[in-house]
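In: 3D, please:
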Amino acid sequence: ITEGQLRHTLEQWVMEKPPQKPPEFGEESAPANDKVFDPDLARRRAGGRQPLADEMLKMLLESLTEDRPAISSAYDSADQDTLLERVHKLHGATRYCGTPRLENAAKTLEEALKTGTNREALAPMVSALCDEICALEQLWQDQGEEASSF
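Out: Numbers count the residues shown, from 1 in each chain. As a prediction, the model looks like this:
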């Protein structure tokens, strides 16, 4: 159950508002920020410390070389436990790095895994997550290896 679905149910049964259509799965997860990398967000999440923001991004980027193949492999072999573990770890890492699209894709997939979404419905979420990993890796390659050059 998503936060939006819970809010809808509470509003419908507890609050005195007219009922509205509940959000579809993932609908509320649409990023407010559609950047692959947002340096201002990264700096804010690092408490205003640019060197820390740069280091956190570097650590995330280094982990992606293992994360993407591991996530794909876990999905392909129907290993839900490993898939959830990897996606959860990645989602946590993105919370500190100013990567809103990757963060959103990881969050959406993690929530789906935790709620037992069927395998067929997971496929586009896994694909979207891998696409966002590739987008960040490509941006990193295009900009060079200096995080502050973003």
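
In: buried set for the helix ranked longest in the chain?
Out: Using DSSP state H, we find that the single longest helix of the chain is helix 50-76. Using 16 or more other C-beta atoms under 10 Å as the test for burial, helix 50-76 gives 53-54, 56-57, 60-61, 63-64, 67-68, 70-72, 74-75. The C-beta positions use only the backbone N, C-alpha and C, and glycine is treated the same way.

In: Just after it, pick out the following helix or strand.
Out: Next helix or strand after helix 50-76 toward the C-terminus (DSSP states H and E): helix 80-94.

In: Convert the C-alpha atoms of that next one to PDB, please.
Out: Presented in PDB, the C-alpha positions along helix 80-94 are these (Å, rounded to 0.1, in the frame of the first residue of the first chain):
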ATOM      1  CA  GLN A  80      13.100 -12.100  -4.500                       C
ATOM      2  CA  ASP A  81      15.100 -11.900  -1.300                       C
ATOM      3  CA  THR A  82      18.300 -10.900  -3.100                       C
ATOM      4  CA  LEU A  83      16.400  -8.500  -5.400                       C
ATOM      5  CA  LEU A  84      14.800  -6.800  -2.400                       C
ATOM      6  CA  GLU A  85      18.100  -6.600  -0.500                       C
ATOM      7  CA  ARG A  86      19.900  -5.000  -3.500                       C
ATOM      8  CA  VAL A  87      17.100  -2.600  -4.300                       C
ATOM      9  CA  HIS A  88      16.700  -1.600  -0.700                       C
ATOM     10  CA  LYS A  89      20.500  -0.900  -0.400                       C
ATOM     11  CA  LEU A  90      20.500   1.100  -3.600                       C
ATOM     12  CA  HIS A  91      17.400   3.100  -2.500                       C
ATOM     13  CA  GLY A  92      19.100   3.900   0.700                       C
ATOM     14  CA  ALA A  93      22.200   5.100  -1.000                       C
ATOM     15  CA  THR A  94      20.300   7.300  -3.400                       C
END
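
In: hmm, back to that, what helices and strands are in contact with the longest helix of the chain?
Out: Applying 3 or more C-beta pairs under 8 Å, 6 or more residues apart in numbering; DSSP states H and E, one finds that helix 50-76 contacts helix 39-45, helix 80-94, helix 119-143.

In: Tell me which of these sits most buried.
Out: helix 80-94 (a mean of 18; mean count of other C-beta atoms under 10 Å).
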